[in-house]
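Trainee: need coordinates for the below:
(one chain, ligands or ions: 2)
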Amino acid sequence: MRTRPLKVALLGCGVVGSEVARIMTTHADDLTARIGAPVELAGVAVRRPSKVREGIDPSLVTTDATALVKRGDIDVVVEVIGGIEPARALITTAFEHGASVVSANKALIAQDGAALHAAAVEHGRDLYYEAAVAGAIPLIRPLRESLAGDKVNRVLGIVNGTTNFILDAMDTTGAGYQEALDEATALGYAEADPTADVEGFDAAAKAAILAGIAFHTRVRLDDVYREGMTEVTAADFASAKRMGCTIKLLAICERAADGGSVTARVHPAMIPLSHPLASVREAYNAVFVEAEAAGQLMFYGPGAGGSPTASAVLGDLVAVCRNKLAESTGPGDSAYTQLPVGSMGEVVTRYHISLDVADKPGVLAQVATVFAEHGVSIDTVRQTGKDGEASLVVVTHRAPDAALTGTVDALRSLDTVRGVASIMRVEGE
Ligand code: NDP
Ligand code: HSE
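Mentor: Ligands and ions are numbered 1, 2, ... in the order given. So this is what the prediction gives:
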């Protein structure tokens, strides 16, 4: 056992960072035994130095994060500031000054993962980010290591705790959107700017990371089709209930059937109540991975929050420290296949479309003709009349998304269609 401690610089001491520091202190002996050397918190970089931070030695606190990572004696930098800058510059500087890096920053990894991995390799250091996707759930390492001998074809799941918390509250308690978002923010689940959560940017970043690792290819944030959940209404939930479904914000990464391309998308979708994802409550996440030899695997657990996320950060810290003592590095980037990323129009899915129409002879036939003209087959139709108008709910069979979008555009131009009340994809059947 080495007695000289490995030194850790903690960048950020908010929801996640404060829990990382707490666990490093309370579990110090176990961490020492597991790593084979003590780990010492050598400095904590924050924005507001005067803020009282329970359990943190004030002499360790600094606002000069750059000076901390440049000290030269730091073995591991834990970046839990978030955002692009200064996190990116600090991580690059950390590599240049001999430190490995553990980060929870999905926005940065999704945007600049390739360059950061290259910098880690150039300096012979590790870059680990298990906490960046799905909080406490081990997902990056299982994909990168345990499934390295298999061929992953699909990754589908709930990867944002805040939006799942809001959708679950809207569905089960009838809570309003803003009320549920405020609660998720107070519980530490939401990003510094919750727009990242509710507009699907956070889930899209996670989808880009997952697709890249699962399919050994480069998937950029811009490659991910994204729709947020701000337009989901109580009426959508009522409609979903009538179909025996609920609504979840899903991230779906797929390899095309011919293996020649991949797609990645994030959007709200109706899923049957019988589907395991339907029972994922509050800020929990769940991800299905479908691999050729393994079959279907499900990963489930807390997807956000200080303590669960710190668990994933600490796991990485232990792994990186072990690598350091072994004078080696762990597996890095593996984007060797360079598969093209397909557009949303190529994705095959089903639609649930709710229309307000005139209640007179021939309208149903007109609507059905539009579906037929676009090659979209109708699965079910339900009509409810009200004072000369009617509400028409159409659920389609599977069709390319481009054909479904074309259908909806054409429906909007019919005189007898007063409005398209909602469009939602249906998944998981
Ligand atoms: P917080 O906003 O709670 O904490 C951010 C911390 O960074 C604060 O301590 C802040 O200082 C510090 N900070 C901000 N700017 C600077 C700067 N320029 N220099 C030094 N320190 C700075 O964020 P979270 O802990 O929630 O999130 C951190 C990261 O973890 C993000 O990348 C997030 O996406 C990721 N993550 C978060 C999860 C969660 O559930 N919260 C789950 C999974 C990942 P001060 O305290 O003085 O304000
Ligand atoms: N804001 C993120 C979420 C944190 O709600 O899932 C975890 O990545």
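
Trainee: what parts of the protein come near ligand 1?
Mentor: Applying CB under 6 Å from any ligand atom, one finds that the chain approaches ligand 1 through 11-17, 45-48, 51, 65, 80-82, 86, 104-106, 131, 135, 188-189, 191-192, 304-305, 309. For glycine as for every other residue, the C-beta is placed from the backbone atoms N, C-alpha and C.

Trainee: residues contacting the residue in the chain positioned nearest to ligand 1?
Mentor: The chain approaches ligand 1 most closely through G14 (2.0 Å), counting by CB to the nearest ligand atom. With contact set as CB atoms under 8 Å, 6 or more residues apart in numbering, G14 has these partners: V80.

Trainee: next up, phi/psi of it, please.
Mentor: Dihedral pair for G14: phi -100, psi -140, per degrees, to the nearest 10.

Trainee: how far away is it from ligand 2?
Mentor: As judged by CB to the nearest ligand atom, to the nearest Å, G14 and ligand 2 stand 12 Å apart.

Trainee: mind checking which helix or strand I353 is in?
Mentor: Under the criterion of DSSP states H and E, I353 resides in strand 348-358.

Trainee: which residue, other than its chain neighbours, is closest to L314?
Mentor: I23 (5.5 Å; CB to CB, 6 or more residues apart in numbering).

Trainee: wait, a helix at that neighbour?
Mentor: Yes: according to DSSP: H, G, I helix; E, B strand; the rest coil, I23 belongs to a helix.

Trainee: tell me how many other residues crowd it.
Mentor: 18 (other CB atoms under 10 Å).

Trainee: cool, H374 as well?
Mentor: H374 has 20 nearby residues by other CB under 10 Å.

Trainee: next, the residue in the stretch 301-429 of the chain that ligand 2 sits nearest to: secondary structure please.
Mentor: Nearest to ligand 2, among the residues of the stretch 301-429 of the chain, is A304, at 3.8 Å (CB to the nearest ligand atom). Here A304 is recorded as coil under three-state DSSP.

Trainee: if I pick R34, what's in contact with it?
Mentor: V318.

Trainee: bridging residues for V395?
Mentor: H352, T380 (DSSP bridges).

Trainee: relative to A390, how far out is the residue of the chain positioned farthest from its centre?
Mentor: Computed with CA atoms, centre = their mean, the maximum C-alpha offset from the centroid of the chain is found at P361, amounting to 46.8 Å. According to CB to CB, to the nearest Å, P361 and A390 sit 12 Å apart.

Trainee: which parts of this protein are helices?
Mentor: 15-26, 28-35, 65-69, 87-96, 106-122, 140-141, 161-172, 177-186, 195-198, 201-215, 234-242, 306-325, 363-373, 401-412 (DSSP state H).

Trainee: what's the most buried one of these?
Mentor: helix 201-215 (a mean of 28; mean count of other CB atoms under 10 Å).

Trainee: who's in contact with stretch 189-204?
Mentor: Against stretch 189-204 from outside (CB under 8 Å, 6+ apart): 82-83, 106-107, 110, 159-163, 165-166, 181, 184-185, 221, 224, 226-230, 249, 251, 264, 266-267, 283, 304-305.

Trainee: err, stretch 304-318, not the other one
Mentor: Contacts of stretch 304-318 (CB under 8 Å, 6+ apart): 8, 15-16, 18-20, 22-24, 27, 31, 34-35, 39, 76, 78, 80, 102, 104, 128-131, 135-138, 141, 160-162, 187-189, 283, 285, 301-302.

Trainee: average pLDDT for it?
Mentor: The pLDDT scores in stretch 304-318 average 98.

Trainee: follow-up on the earlier one: check which residues of the strand holding I353 are buried.
Mentor: T349, R350, Y351, H352, I353, S354, L355, V357, A358 (16 or more other CB atoms under 10 Å).

Trainee: can you lay out the residues you listed as CSV showing distance to ligand 2 and pLDDT?
Mentor: CSV is the format used below for those (distance: CB to the nearest ligand atom, whole Å; pLDDT from 0 to 100):
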residue, distance to ligand 2, pLDDT
T349, 24, 95
R350, 26, 96
Y351, 27, 95
H352, 25, 96
I353, 29, 96
S354, 28, 94
L355, 33, 95
V357, 38, 96
A358, 43, 94
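
Trainee: which of those sits closest to V376?
Mentor: Set against V376, the nearest of these by CB to CB is Y351 (7.9 Å).

Trainee: wait, the closest one touches T396, no?
Mentor: Yes: counting by CB atoms under 8 Å, T396 is a contact partner of Y351 at 4.8 Å.

Trainee: joint contacts of those two?
Mentor: V376, L404, T407.

Trainee: ok, now which ones touch the residue nearest to the last one when sequence neighbours are not counted?
Mentor: Put plainly, it is T407. Spatially, and ignoring its direct neighbours in sequence, T407 is nearest to H374 (4.3 Å; CB to CB, 6+ apart). Going by CB under 8 Å, 6+ apart, H374 touches A399, A403, L404, G406, T407, A410.

Trainee: ok, now P5?
Mentor: A37, P38, V39, E40.

Trainee: with A319 instead?
Mentor: D126, Y128, R141, G330.

Trainee: burial check on the last one, number of neighbours?
Mentor: G330 is flanked by 18 other residues according to other CB under 10 Å.

Trainee: is it in contact with D126, as I believe?
Mentor: Yes: under the criterion of CB under 8 Å, G330 makes contact with D126 at 5.4 Å.

Trainee: between the two, which contacts overlap?
Mentor: Joint contacts of G330 and D126 (CB under 8 Å, 6+ apart) are A319, V320, N323.

Trainee: need the residues you listed in TSV with distance to G260, can you?
Mentor: Putting the shared contacts of G330 and D126 into TSV (distance: CB to CB, whole Å) gives the following:
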residue	distance to G260
A319	34
V320	36
N323	36
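
Trainee: restrict those residues to those near ligand 2?
Mentor: Of the shared contacts of G330 and D126, not one also sits near ligand 2 (CB under 6 Å from any ligand atom).

Trainee: ok, now which ones touch the residue of the stretch 1-150 of the chain found nearest ligand 2?
Mentor: Closest approach between the stretch 1-150 of the chain and ligand 2, counting by CB to the nearest ligand atom: G135, at 5.2 Å. Residues near G135 by CB under 8 Å, 6+ apart: G161, A283, N285, G301, P302, G303, A304, G305, P308, T309, A312.
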